[in-house]
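**Student:** need coordinates for the below:
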Amino acid sequence: MRIRTLREAHGFTQESFAERAGLTYKHYQQVEAGRKPDIRLSTLIKMAEGLGLTLSELVDLDAALPIAAESQQKYGSKSRRRKVAPRPNR
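**Tutor:** Next up is the predicted model:
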């Protein structure tokens with residue numbers, strides 16, 4: 001998820017970022033993991049402010065590309081997708 005890339009690029013742990021953004025750690029974990037499909041606008045604003053961004057900068061995919069590239073260079077590309085066995089033909 002994009003918020004994770006931005007958080008890591010700024011050098012925050014999940015816990016330190018949640019505190020900085022004024023969110024509970026557990027709530028932030030769920031948002032970052034994608035387990036909160038309906039995120040409130042107030043939560044997005046808090047996350048943007050926690051990163052020193054405006055809301056429009058947080059949701060603007062083009063603005064985040066340099067940050068994402070820098071983060072990928074620093075942390076590498078780690079895929080967390082599960083490998084799923086192919087379905088047999090029926």
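**Student:** so where's this protein shaky on pLDDT?
**Tutor:** Applying pLDDT under 70 to the chain flags the ranges 1, 61, 63-90.
**Student:** can you rerun that using 80?
**Tutor:** Residue ranges of the chain with pLDDT under 80: 1, 61-90.
**Student:** now the helices for this protein?
**Tutor:** With DSSP state H as the criterion, the chain has helices at 2-9, 14-21, 25-33, 41-50, 55-59, 61-75.
**Student:** so which elements touch the fourth one?
**Tutor:** This points to helix 41-50. The helices and strands touching helix 41-50, judged by 3 or more CB pairs under 8 Å, 6 or more residues apart in numbering; DSSP states H and E, are helix 14-21, helix 25-33, helix 55-59. For the C-beta atoms, the positions are set from N, CA and C on the backbone; glycine is no exception.
**Student:** Thr43 is nearest to which of those?
**Tutor:** Nearest of the helices and strands packed on helix 41-50 to Thr43, taken as CB to CB: helix 25-33 at 6.7 Å.
**Student:** report the inter-axis angle for that closest one versus helix 2-9.
**Tutor:** Using axes from the mean of the first three to the mean of the last three CA atoms, to 10 degrees, the direction of helix 25-33 lies 110 degrees away from that of helix 2-9.
**Student:** which secondary structure elements does helix 25-33 sit against?
**Tutor:** helix 2-9, helix 14-21, helix 41-50.
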